[in-house]
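A.B. asks: coords please:
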Amino acid sequence: MAIASMDTRDEETPLVVDISESETPKNRTRDVHVLSCAFLLVFLAYGAAQNLETTVNAEGNLGTVSLGILYVSFAFFSLFASLVVRLLGSKNAVVLGTTGYWLYIAANLKPTWYTMVPVSVYLGFTASIIWVGEGTYLTSIARSHARDTNLHEGTVIGSFNGEFWAMFALHQFVGNLITLAVLQVGEEGSTSNTTLLFIVFLCSMTLGTILMCFLRKIDEKEEKVSADSSVSFCSAVVSRLKSVITPLLDIRMLLIVPLIAYSGLQQAFVWADYTKDVVNPILGEAGLGGAMAVYGAFDAICSLAAGRLTSGLKSITFIVCGGAFFQALIFLWLLLKYSATSGVLGVVYPLLMAALLGIGDGVLNTQLSALLALLFKHDTEGAFAQLKLWQSSAIAVVFFLSPAVTLQTMVPSMFVRSWRTLLYNKLISCRFSRCL
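C.D. replies: Predicted coordinates:
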């Protein structure tokens, strides 16, 4: 009997062990590092170029109008971005998304209406898929990591978003330090210096694109793409339109939309009005790089800190309130007492504003991503498509109005919206604190 039982066990034991079944769960932190570094390399170039658009391409308001067109395109294509991401897979979407940014920087080497406008439209498309792809990819690997390591999902999502947005926020710091270094060499506003700067940016973007190719694909997403591939394109488009409209019938999304819109407005205010009307008159184009480097440094620090402190809806509410409050102070300062001065204070004041505005932006970026990931677990692509739709629409409005609206007109509106953000944030906390 003993011999028979041993034979039975021997027969049940496979001669070749399936290594894939015995592998330990993948450590997804490696993918967060790769994704974060790749985005840093791509966006240090684009972010710094965007800060310069309203001053370098000021003739005929080419820079401002092209940015407005870019974000209108971004808003439109955000309606279908999640469909494209599902067809391509989140990794392929992020890699394809870099092509628009590369072409946009290349177009700045010869900035005309015939180069900037078409590229801006294309960048709107690629920007929509890169951001929906990023949000989907980051949320998926966070959930996978939480499941494999038996950690709290909200904590892992907050931690991963914190690292990503901290690295992303560094693009303002690094990119604008490069701007400061290159434009300070030789004559201010020299065409040769500007050309050299954009060539350096193209090299950085190329490295970022190559790095993105090393991201690991997500098995679950590949299976989902295969399942969706049998659906006709028309049916997929109709389904996507429904999925865009359906979240707007959800009270959760309706309460979050004002927060999303404000996050876009405050970013556009920094890129269009703060740089043009506060920094440039005092510090010039080269000094603009230094001010935005301060903005990026504080943005990065607060993104990392906010991500580490995120544990659920209550922590998100508290952190967002703090960031919105700091920005409200800046808008109140500009509204009541600020005036351009000379000397040391003339330099310190814009840098202090940059620091506080950066704190608010870092908080909003991190917490909005974490909030959507927590509340919309079953439609991550749709939630992040809504994020970019409303955010880019708000940014486009500011860029189109910027040539006609003065700083004195813009600031009161931003001040009111910053306080509305505090109110909506409190409503979200009260409404959904029991749901998580």
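A.B. asks: What residue, apart from its backbone neighbours, is nearest residue 417 spatially?
C.D. replies: Using C-beta to C-beta, 6 or more residues apart in numbering and skipping residues adjacent in sequence, the residue nearest residue 417 is residue 262, 5.2 Å away. Just so you know, the C-beta spots here come from the backbone N, C-alpha and C atoms, and that holds for glycine as well.
A.B. asks: same thing with residue 338?
C.D. replies: Setting aside the residues directly before and after it, residue 338 is nearest to residue 349 in space (C-beta to C-beta, 6+ apart), at 7.0 Å.
A.B. asks: Just the element for that neighbour, please.
C.D. replies: Secondary structure from DSSP states H and E places residue 349 in helix 343-375.
A.B. asks: Kindly list the longest helix within this protein.
C.D. replies: Ranked by residue count and defined by DSSP state H, the top helix of the chain is helix 113-149.
A.B. asks: Can you tell me which helices and strands that one packs against?
C.D. replies: In terms of contact count using 3 or more C-beta pairs under 8 Å, 6 or more residues apart in numbering; DSSP states H and E, helix 113-149 is assigned the packing partners helix 29-56, helix 62-88, helix 90-107, helix 153-184, helix 219-228, helix 343-375, helix 380-401.
A.B. asks: And that helix, what's buried?
C.D. replies: By 16 or more other C-beta atoms under 10 Å, the buried positions in helix 113-149 come out as 115-117, 119-146.
A.B. asks: what does stretch 268-279 give?
C.D. replies: Buried, per 16+ other C-beta under 10 Å, within stretch 268-279: 268-279.
A.B. asks: hmm, back to that, and residue 246, which of the helices and strands packed on helix 113-149 is closest to it?
C.D. replies: Distances from residue 246 to each of those were compared by C-beta to C-beta, and the smallest falls on helix 380-401, at 7.9 Å.
A.B. asks: Which elements pack onto the closest one?
C.D. replies: helix 62-88, helix 113-149, helix 233-245, helix 251-268, helix 343-375.
A.B. asks: nearest to residue 218, of those?
C.D. replies: Put simply, out of those the one that sits nearest residue 218 is helix 113-149, at 5.0 Å, with distance taken as C-beta to C-beta.
A.B. asks: how about the helices and strands packed on helix 380-401 in TSV, adding mean pLDDT and distance to residue 42?
C.D. replies: Below are the helices and strands packed on helix 380-401 laid out as TSV (pLDDT from 0 to 100; distance: least, C-beta to C-beta, whole Å):
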stretch	mean pLDDT	distance to residue 42
helix 62-88	86	15
helix 113-149	89	9
helix 233-245	64	26
helix 251-268	86	17
helix 343-375	85	16
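A.B. asks: Could you dump these into CSV and include distance to residue 326?
C.D. replies: Shown next, in CSV, are the helices and strands packed on helix 380-401 (distance: least, C-beta to C-beta, whole Å):
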stretch, distance to residue 326
helix 62-88, 25
helix 113-149, 25
helix 233-245, 33
helix 251-268, 11
helix 343-375, 5
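A.B. asks: Minimum distance to residue 421: which of these has it?
C.D. replies: Each of these was checked against residue 421 via C-beta to C-beta, and the shortest separation belongs to helix 251-268, namely 4.7 Å.
A.B. asks: In the first helix or strand past the closest one going along the chain, which residues are buried?
C.D. replies: Once the chain leaves helix 251-268, the next helix or strand it forms, by DSSP H and E, is helix 280-309. Counting neighbours by 16+ other C-beta under 10 Å, one finds that the buried residues in helix 280-309 are 280, 282-307, 309.
A.B. asks: How about stretch 101-111?
C.D. replies: Neighbour-count burial for stretch 101-111, counted by 16+ other C-beta under 10 Å, picks out 101-108, 111.
A.B. asks: ok, now stretch 199-206?
C.D. replies: Neighbour-count burial for stretch 199-206, with 16+ other C-beta under 10 Å as criterion, is recorded at 200-202, 204-205.
A.B. asks: Same question for stretch 321-332.
C.D. replies: Residues of stretch 321-332 classed as buried by neighbour count (16+ other C-beta under 10 Å): 321, 323-328, 330-332.
A.B. asks: Closest one of the residues you listed to residue 421?
C.D. replies: Comparing the buried residues of stretch 321-332 against residue 421 with C-beta to C-beta places residue 324 closest, at 4.4 Å.
A.B. asks: Is the closest one in contact with residue 360, as I believe?
C.D. replies: Yes. If you go by C-beta atoms under 8 Å, residue 324 and residue 360 touch, sitting 6.4 Å apart.
A.B. asks: My guess is residue 138 contacts residue 162. True?
C.D. replies: No. In this structure, residue 138 sits apart from residue 162 without contact. The criterion is C-beta under 8 Å, and the distance is 10.9 Å.
A.B. asks: Residue 81: what's it in contact with?
C.D. replies: By C-beta atoms under 8 Å, 6 or more residues apart in numbering, the contact list for residue 81 reads 128-129, 131-132, 381, 385, 388.
A.B. asks: Out of the residues you listed, which comes closest to residue 422?
C.D. replies: Within the contacts of residue 81, proximity to residue 422 (C-beta to C-beta) peaks at residue 388, which comes in at 23.4 Å.
A.B. asks: So what's the residue count around the closest one?
C.D. replies: The tally of other residues near residue 388 (other C-beta atoms under 10 Å) stands at 27.
A.B. asks: Quick check: nearest residue in space to it, chain neighbours excluded?
C.D. replies: Nearest to residue 388 is residue 78, by C-beta to C-beta, 6+ apart, at 4.5 Å.
A.B. asks: likewise residue 324?
C.D. replies: Spatial nearest neighbour of residue 324, excluding adjacent residues (C-beta to C-beta, 6+ apart): residue 421 at 4.4 Å.
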